[in-house]
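J.: sequence unknown, structure follows:
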């Protein structure tokens, strides 16, 4: 006579704990991956913002005829612009500033203001902004 053997309580607990251990390990890997992805994504956003700022400053410097520092974190460039059909290029001032506490950089030209916000990426540290030293 053959007797079918059922799962004992001990076997069920061992199998259940193995399944739970595998699920916990998978959840840990998933959570760490998500955390790494979020951190990596944040670094990429910060790098894109820095590249945009760098490009904007370099474009202004390429067409500038003068640069003066008006105070800590404040610069004014006299920039030449093209005038359609004009004989003489148009001169305009572009003000760059990094207001305290130094989490953003602003570019102001006439009535337009362009803002580069670094606060979410700095964890409370100030953003150091300079024009002139090291710039071509």
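T.: Right, received. Where do you want to start? This structure is a prediction, so every number in the text was calculated from the model and none was measured.
J.: Tell me where this structure has helices.
T.: Using DSSP state H, the helices found in the chain span residues 9-62, 119-122.
J.: where among these is the average confidence lowest?
T.: Confidence, taken as mean pLDDT, is least for helix 9-62 of these (a mean of 75).
J.: Identify each buried residue in stretch 50-58, please.
T.: Neighbour counts using 16 or more other CB atoms under 10 Å place 53, 56-57 of stretch 50-58 among the buried residues. (Glycine included, C-beta is placed from N, CA and C.)
J.: should've said stretch 118-129
T.: Within stretch 118-129, the residues scored as buried using 16+ other CB under 10 Å are 118, 121, 127, 129.
J.: Wait, the last one touches residue 99, no?
T.: No: Residue 129 sits out of contact with residue 99 when judged by CB atoms under 8 Å, with a separation of 10.1 Å.
J.: list residues touching both of those two?
T.: Common neighbours of residue 129 and residue 99 (criterion: CB atoms under 8 Å, 6 or more residues apart in numbering): residue 73.
J.: Straight-line length of stretch 67-77, end to end?
T.: 5 Å (CA to CA, to the nearest Å).
J.: before we move on, what about stretch 59-74?
T.: 18 Å.
J.: oh, and call the first residue 4 from now on, that's how I've got it
T.: In the new numbering, first residue 4, that becomes stretch 62-77.
J.: Residues touching it, excluding its own?
T.: For stretch 62-77, using CB under 8 Å, 6+ apart, the contacting residues are 78-84, 94, 97-103, 105, 110, 132, 134-135, 138-139.
J.: buried sites along it?
T.: Buried, per 16+ other CB under 10 Å, within stretch 62-77: 63-64, 67, 70, 76-77.
J.: For the residues you listed, work out which two are farthest apart.
T.: 67 and 76 (18.0 Å; CB to CB).
J.: Hmm, residue 121 and residue 107 touching each other?
T.: Yes: the pair residue 107 / residue 121 is scored as a contact, 6.0 Å apart, by CB under 8 Å.
J.: what do those two both touch?
T.: Counting by CB under 8 Å, 6+ apart, the residues touching both residue 107 and residue 121 are residue 130.
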